[in-house]
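Visitor: this is the structure alone, sequence omitted:
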Ligand SMILES: O=C[C@H](O)COP(=O)(O)O
């Protein structure tokens, strides 16, 4: 049975006070509404410790937006998996397209991050997705296949149970352009097939594949109804309680 998940990536948004208020209001809503989908939020590293405490006994998982590929040492500005774990964070997004674009992160390096997380019993949300020029050139399946296989090639199969992958076409992120449900389903099925070919059918079938890229209250249901779409990784719309909770409710 694949986990249904809706994750909010807050990116570099919200002051500490705003983040705390949003997290507490979301927690109240989750308690009252008991959604089918698991709820994850990913605030900036700075707020993780406090939000981990505030949401300790809640049904919301607090994840990091990024983690270093290195264990520890002279890596100014980086945050290691061990440091995240030491403040109670057990999950991290890795390979987000904004990290790939602005920090030149590549698949092997992203794979190292995943390995560090697993070594500490933590878990990744692996983001993949093609650029518009890749899709226009008909290379979108090749690009995504490479991203998935290289990031996962060194991982142990026992670690990959309950893997979370997010398919986020770069051209749909923050642009208001969403992949159509058919386009997203086609790529999600392809990602599942790719994971199956590399790690076996049982891991492929237990992987939750989330769609990300301009998910909003109006399009969430049609996306989540697709067979291989297990939920969403939501950026902009996760910053507004009403929009985010409507999206969570759409994932049954
Ligand atoms: O991680 C989230 C994605 O980048 C999607 O962002 P968006 O919903 O603002 O398009």
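Guide: Arrived safely, thanks for sending. For clarity, every value in this text was computed on a predicted model and none was experimentally measured.
Visitor: leaving out chain neighbours, which residue sits closest to residue 12?
Guide: Of all residues beyond its chain neighbours, the one nearest residue 12 is residue 44 (6.4 Å), with distances taken as CB to CB, 6 or more residues apart in numbering. For every residue, glycine as well, the C-beta is placed using N, CA and C.
Visitor: how many residues are close by the one you found?
Guide: 17 (other CB atoms under 10 Å).
Visitor: so it touches residue 18, yeah?
Guide: No - shown here, residue 44 and residue 18 do not form a contact pair, counting by CB atoms under 8 Å, at 11.4 Å.
Visitor: what is in contact with the two at once?
Guide: Overlap of the contact sets of residue 44 and residue 18 (by CB atoms under 8 Å, 6 or more residues apart in numbering) is empty.
Visitor: for the ligand, what's its nearest residue on this protein.
Guide: residue 235 (2.3 Å; CB to the nearest ligand atom).
Visitor: and after the helix or strand containing residue 111, which helix or strand comes next?
Guide: Counting by DSSP states H and E, the element that carries residue 111 is helix 107-119. Per DSSP H and E, the first helix or strand lying C-terminal to helix 107-119 is strand 123-128.
Visitor: give me the spatial nearest neighbour of residue 245, chain neighbours excluded.
Guide: residue 29 (5.2 Å).
Visitor: let me see the contact set for the closest residue to residue 122 other than its chain neighbours.
Guide: Using CB to CB, 6+ apart and skipping the chain neighbours, the partner closest in space to residue 122 is residue 90 (4.9 Å). Residue 90 makes contacts with 61, 84, 121-123, as judged by CB under 8 Å, 6+ apart.
Visitor: mind listing what the nearest residue to residue 169 once chain neighbours are set aside touches?
Guide: Excluding the flanking residues, the one nearest residue 169 by CB to CB, 6+ apart is residue 129, at 4.7 Å. With contact set as CB under 8 Å, 6+ apart, residue 129 has these partners: 97, 144, 147, 167-170, 172-173, 212-213.
Visitor: reformat those as JSON lines; add pLDDT and neighbour count.
Guide: Output for the contacts of residue 129, formatted as JSON lines (pLDDT from 0 to 100; neighbours: other CB atoms under 10 Å):
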{"residue": "97", "pLDDT": "96", "neighbour count": "21"}
{"residue": "144", "pLDDT": "98", "neighbour count": "21"}
{"residue": "147", "pLDDT": "98", "neighbour count": "24"}
{"residue": "167", "pLDDT": "98", "neighbour count": "27"}
{"residue": "168", "pLDDT": "97", "neighbour count": "27"}
{"residue": "169", "pLDDT": "96", "neighbour count": "27"}
{"residue": "170", "pLDDT": "94", "neighbour count": "20"}
{"residue": "172", "pLDDT": "91", "neighbour count": "21"}
{"residue": "173", "pLDDT": "87", "neighbour count": "21"}
{"residue": "212", "pLDDT": "97", "neighbour count": "27"}
{"residue": "213", "pLDDT": "96", "neighbour count": "26"}
